[in-house]
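S.K.: can't give you the sequence, but here's the structure:
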């Protein structure tokens, strides 16, 4: 469970890092299972612009038993339930690869804009829980945050291509271009009274962040991959309104059944 | 002139940062002149992969009086002459734009590999003198160095495309792909006993670095451009051997006449 101090810090900044929550052995197992996912040619796998480097993979909790257990482990599930104040399910699960020297940027954005406009999510009662599979350093493309930016609410962004909401191919929003990316003039306004803060920490860390928190990440200039699992929990009663062109289940979960935490002693394998 | 401590530090690390050498007014003038250069459609101007964002411009000291004066100002010329132990001329002059949210990476490389293989430079008796036009921060794609890597000498790199030296189109080596980029396994070896260090500093700083120093830079994730002038001085007696397919003058200077420093009191305009 999160302490009052942690909750206050999350509410203030929009994120919270708990270092080394998973052991080195657990991280090794998660890395090896992630590599298995990266090696599988499937629609849920996304490539970098070069057309061959793996950028990430989605929905692995639907196809792999260990990842299915991971999302029910108290170390990631309990803080989400506590923070959202009610039962939750997995709206999205992805593993970002951020390959050594090949992993491209993620433009600045708010996750909730996509979930709201593409998936019909009605309220921002969701939370991201990230598990670091590698140390996040200054130079390997760590998540970059604008602390406190979640308190602004959902930014009123226009699509870059001028098309209607929901008209796009879903795959385009998993690459290094995003329909609802934040441009330089808006980012300049948002950084006028807050700094850009990199979320650095050791492998095994758990990082919670708000779906309205403005974030992005740079290129990986290090010789090692910077892998990260990102679980998005949504409150089971936070309804997704019908949308014209729903995304695949591996991008927008449709099993809203409240997750039940596994016993504390449960292992991944 | 550089102090003994500065020289020792340069020899040890392969670089040296002198903060705020140029005044805010001088930096403002250099920025405005740089923007003029960026706005001119010329072969010496290079674009990012997106085909419209300016990546940088070359040879501006050949076409603009203020940049021609800049390369003869004692604050940049004198340390180069002192360091190289003899008269020098400008082998290369560029202004990197590293545009806000658009400026792409520079892969890890040694400059000298290109000057040796493409331009026939016989010895590494050259030095880069950079002038920061904007503050270099953790998130706007600062130069990244491997301190001490210049002492390894020239790395024996194969061209990525397997072609013969000198066969390439020169333009390809000004973009975010480089023929002699250092790959992840080699970078892993090079970083086994040294850290990656970002060269951060205020606008107006002067940064000297060795042509054998392994360096690169990440993406600019900030809302402001991170512009930088890079002057490469070569010793006038460091001969360039004839090459089959010489690069344009704006990439490999052919006026080897020793530069004479302007008086200390000379201004840019």
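M.R.: Structure received. All values derive from a computational prediction rather than experimental measurement.
S.K.: from here on, contacts and neighbour counts on C-alpha atoms
M.R.: Fine.
S.K.: Any stretches of chain A with poor pLDDT?
M.R.: A:159-176 (pLDDT under 70).
S.K.: what residue lies at the spatial centre of it?
M.R.: For chain A, the residue nearest the mean C-alpha position is residue A:230 (4.0 Å; C-alpha atoms, centre = their mean).
S.K.: looking at it, residue A:235 is touching residue A:83, isn't it?
M.R.: No: judged on C-alpha atoms under 8 Å, residue A:235 makes no contact with residue A:83 at a distance of 10.1 Å.
S.K.: Pull the distance from the helix ranked longest in chain A to the chain's centre.
M.R.: Looking across chain A with DSSP state H, the single longest helix is helix A:24-38. The chain centroid and the centroid of helix A:24-38 are separated by 17 Å under C-alpha atoms, centre = their mean, to the nearest Å.
S.K.: helices or strands up against that helix?
M.R.: strand A:54-58 (3 or more C-alpha pairs under 8 Å, 6 or more residues apart in numbering or on different chains; DSSP states H and E).
S.K.: Need the residues that contact stretch A:45-62.
M.R.: A:37-38, A:44, A:67-71, A:92-99, A:102-104, A:171, A:174-176, A:249-251 (C-alpha atoms under 8 Å, 6 or more residues apart in numbering or on different chains).
S.K.: Now, the residues you listed that are in strands?
M.R.: A:92-96 (DSSP state E).
S.K.: Buried only: go through the contacts of stretch A:45-62 for me.
M.R.: A:37-38, A:44, A:67, A:69-71, A:92-99, A:102-104, A:174-176, A:250-251 (16 or more other C-alpha atoms under 10 Å in any protein chain shown).
S.K.: Apart from its chain neighbours, what residue comes closest to residue A:231?
M.R.: residue A:93 (4.6 Å; C-alpha to C-alpha, 6 or more residues apart in numbering or on different chains).
S.K.: how about that neighbour, what does it touch?
M.R.: So residue A:93 contacts A:58-61, A:229-232, A:250-251 (C-alpha under 8 Å, 6+ apart).
S.K.: now do residue A:262
M.R.: Contacts of residue A:262 by C-alpha under 8 Å, 6+ apart are A:69, A:72-74.
S.K.: one more time with 6 Å, if that's ok
M.R.: A:72-73 (C-alpha atoms under 6 Å, 6 or more residues apart in numbering or on different chains).
S.K.: Am I right that it is in a helix?
M.R.: No: counting by DSSP: H, G, I helix; E, B strand; the rest coil, residue A:262 is not part of a helix but coil.
S.K.: closest point of the stretch 51-200 of chain A to chain B, which residue?
M.R.: Here the residue of the stretch 51-200 of chain A nearest chain B is residue A:184; by C-alpha to the nearest C-alpha that distance is 4.6 Å.
S.K.: Give me the neighbour count for the closest residue to that residue other than its chain neighbours.
M.R.: Nearest residue to residue A:184, sequence neighbours excluded (C-alpha to C-alpha, 6+ apart): residue B:223, at 4.6 Å. Counted with other C-alpha atoms under 10 Å in any protein chain shown, residues neighbouring residue B:223 total 22.
S.K.: Thought residue B:100 was touching residue B:223, still the case?
M.R.: Yes: in this structure, residue B:223 is within contact of residue B:100 by C-alpha atoms under 6 Å, at 5.0 Å.
S.K.: which residues in the stretch 101-250 of chain A form strands?
M.R.: Ranges of strands in the stretch 101-250 of chain A, per DSSP state E, counting those that start in this stretch, are A:106-109, A:126-132, A:143-145, A:197-198, A:206-209, A:215-217, A:228-235.
S.K.: out of those strands, nearest to residue A:9?
M.R.: For these, proximity to residue A:9 was assessed by C-alpha to C-alpha; strand A:206-209 is nearest, at 11.1 Å.
S.K.: ok, the closest one: who's next to it in the sheet?
M.R.: strand A:15-18 (antiparallel), strand A:126-132 (antiparallel) (DSSP bridges).
S.K.: can you list those strands in TSV and add distance to residue B:111 and mean neighbour count?
M.R.: TSV is the format used below for the strands paired with strand A:206-209 (distance: least, C-alpha to C-alpha, whole Å; neighbours: other C-alpha atoms under 10 Å in any protein chain shown):
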stretch	distance to residue B:111	mean neighbour count
strand A:15-18	39	20
strand A:126-132	35	26
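S.K.: Export the ones you listed as JSON lines, with columns for distance to residue A:88.
M.R.: Below are those laid out as JSON lines (distance: least, C-alpha to C-alpha, whole Å):
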{"stretch": "strand A:15-18", "distance to residue A:88": "19"}
{"stretch": "strand A:126-132", "distance to residue A:88": "8"}
